[in-house]
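A.B. asks: sharing a model that was predicted from the sequence below.
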Amino acid sequence: MVSRIVIGLLALFLICGCQMPGRAPTCNAQIDWVNFIEVGSTQYVAGQAPSSPLQEADLGKVYAHVKFKVSGNVCDPGYRIKDGDAAFLEPGTPIYEVNGESPGQELAARFGGSLVAYRAVSPG
């Protein structure tokens, strides 16, 4: 009888420690992402622009689209950012040129109901 209880408890511990098929993997690491976008080999970060808040008239043509949202989808602290990645923008979000600025220096996107400027911080 005791051996059945021990075997039952061991089985329960093994089941609890394993991931059920069809379930999303759980994150064991917490990553605090900076609000960034990566376009080509250039990384752009929000909040780095010294300019005044953007208006609709400041937007130029669509320069690129977000391909992958890393926040909530990447658990590996060693993940290497790729072209089209964004910290918080959903896939498909348009990234715009900013009138009067070089796309290599500043881009913009809609985030949280506002237009946000993203300044280039480093080539890939």
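C.D. replies: Alright, I've got the coordinates.

A.B. asks: quick one: residue 33 from residue 75, how far?
C.D. replies: Counting by Cβ to Cβ, to the nearest Å, the gap from residue 33 to residue 75 is 12 Å. No exception for glycine: its C-beta is placed from N, CA and C like everyone else's.

A.B. asks: try residue 61
C.D. replies: 35 Å.

A.B. asks: ok, the two, which is more surrounded?
C.D. replies: residue 75 (14 against 9; other Cβ atoms under 10 Å).

A.B. asks: ok, the more buried one to residue 88 distance?
C.D. replies: From residue 75 to residue 88 the distance is 16 Å (Cβ to Cβ).

A.B. asks: mind listing the residues bridging to the nearest residue to residue 105 once chain neighbours are set aside?
C.D. replies: Sequence neighbours aside, residue 120 is the residue nearest to residue 105 in space, at 5.2 Å (criterion: Cβ to Cβ, 6 or more residues apart in numbering). Residue 120 forms beta bridges with residue 44, as assigned by DSSP bridges.
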